[in-house]
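Participant: test case, fold it:
(chains A and B)
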Amino acid sequence: GENVEQHPSTLSVQEGDSAVIKCTYSDSASNYFPWYKQELGKGPQLIIDIRSNVGEKKDQRIAVTLNKTAKHFSLHITETQPEDSAVYFCAASILENRDDKIIFGKGTRLHILP
Amino acid sequence: DSGVTQTPKHLITATGQRVTLRCSPRSGDLSVYWYQQSLDQGLQFLIQYYNGEERAKGNILERFSAQQFPDLHSELNLSSLELGDSALYFCASSPPWGPHEQYFGPGTRLTVT
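Facilitator: Below is the predicted model:
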């Protein structure tokens, strides 16, 4: 089955700097890669996703890149702000699968330092 | 606010007991997913229901069971509770046209003493 590895487990960056979180997946059939943000005391929230027919997607300060050959994808946050402090999860799944199972990475705790 | 509601918010119970967690999906969503989040284990998928039928199973223990009712709300039943079952339990729902866009509820924090 699919396995998603996420690195690093913890990341501290200075406010205003960029943060990068990387994930690798094992199943070459995976074609949908969402990213979730979980703030303290809340459930995860979908912040951006990418499908395998594109290599990059951007939404304001957040971008995701996908390298299908290497089976890895990354989340890039630019001009980080205090409200970016949270746990971020990457995930992978196969859109056509009727079971709709999404496999999550173990999460990255991002600290934005003042 | 995702539109997914979960009750109760907190639950404290003793080992050996049984509890029921409840989830109401967003209006219009047919799929409900249950996840367990322990301190160092990330999000573990437990089970998924689609329009009342079980669709997929993950690492769900035999002591745990779930169902989805005709009004689409779902319940997760945890029995013979052990200390290791202490965790956050999340419910998520997804729309029929975008089954992989999951919207998570605020979670139920279960503490087994």
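Participant: C-alpha only now, for contacts and for neighbours.
Facilitator: OK.
Participant: show me where chain B has its strands.
Facilitator: Taking DSSP state E as the test, the strands found in chain B are B:5-7, B:10-13, B:19-24, B:31-38, B:42-50, B:53-57, B:64-68, B:74-78, B:87-94, B:103-104, B:108-112.
Participant: and those as CSV, adding distance to residue A:48 and mean pLDDT?
Facilitator: Formatted as CSV, the strands of chain B follow (distance: least, CA to CA, whole Å; pLDDT from 0 to 100):
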stretch, distance to residue A:48, mean pLDDT
strand B:5-7, 22, 97
strand B:10-13, 29, 97
strand B:19-24, 24, 98
strand B:31-38, 20, 93
strand B:42-50, 18, 90
strand B:53-57, 24, 90
strand B:64-68, 28, 97
strand B:74-78, 27, 98
strand B:87-94, 15, 95
strand B:103-104, 13, 94
strand B:108-112, 25, 97
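Participant: so which of the ones you listed gets nearest residue A:103?
Facilitator: Evaluated with CA to CA, the strands of chain B place strand B:42-50 nearest to residue A:103, the distance being 7.6 Å.
Participant: which other residues reach the closest one?
Facilitator: A:101-107, B:30-37, B:54-60, B:66-68 (CA atoms under 8 Å, 6 or more residues apart in numbering or on different chains).
Participant: after the lowest-mean-pLDDT helix or strand in chain A, next one along is what?
Facilitator: Across the helices and strands of chain A, mean pLDDT, DSSP states H and E gives its lowest value to strand A:103-104, namely a mean of 88. Counting by DSSP states H and E, the next helix or strand C-terminal to strand A:103-104 is strand A:108-113.
Participant: quick one: low-confidence residue ranges for chain A.
Facilitator: Along chain A, the model assigns pLDDT under 70 to residues A:97-100.
Participant: all helices for it, in order.
Facilitator: In chain A, no helices are defined using DSSP state H.
Participant: ranges for the strands of it?
Facilitator: Ranges of strands in chain A, per DSSP E, are A:4-7, A:10-14, A:19-25, A:32-38, A:45-51, A:56-59, A:62-67, A:72-77, A:86-92, A:103-104, A:108-113.
Participant: next one: the fourth one to chain centre, how far?
Facilitator: Between the centre of strand A:32-38 and the centre of its host chain there is 5 Å, according to CA atoms, centre = their mean, to the nearest Å.
Participant: got a list of contacts for that strand?
Facilitator: Counting by CA under 8 Å, 6+ apart, A:44-52, A:73, A:75, A:86-95 sit against strand A:32-38.
Participant: return it as PDB; C-alpha atoms alone will do.
Facilitator: Extracted as PDB, the C-alpha positions of strand A:32-38 are listed here (Å, rounded to 0.1, in the frame of the first residue of the first chain):
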ATOM      1  CA  TYR A  32      -3.600  13.600  -5.800                       C
ATOM      2  CA  PHE A  33      -1.600  15.300  -3.200                       C
ATOM      3  CA  PRO A  34      -3.300  17.600  -0.600                       C
ATOM      4  CA  TRP A  35      -1.700  19.600   2.200                       C
ATOM      5  CA  TYR A  36      -3.500  20.200   5.400                       C
ATOM      6  CA  LYS A  37      -2.700  22.800   8.200                       C
ATOM      7  CA  GLN A  38      -3.700  22.000  11.800                       C
END
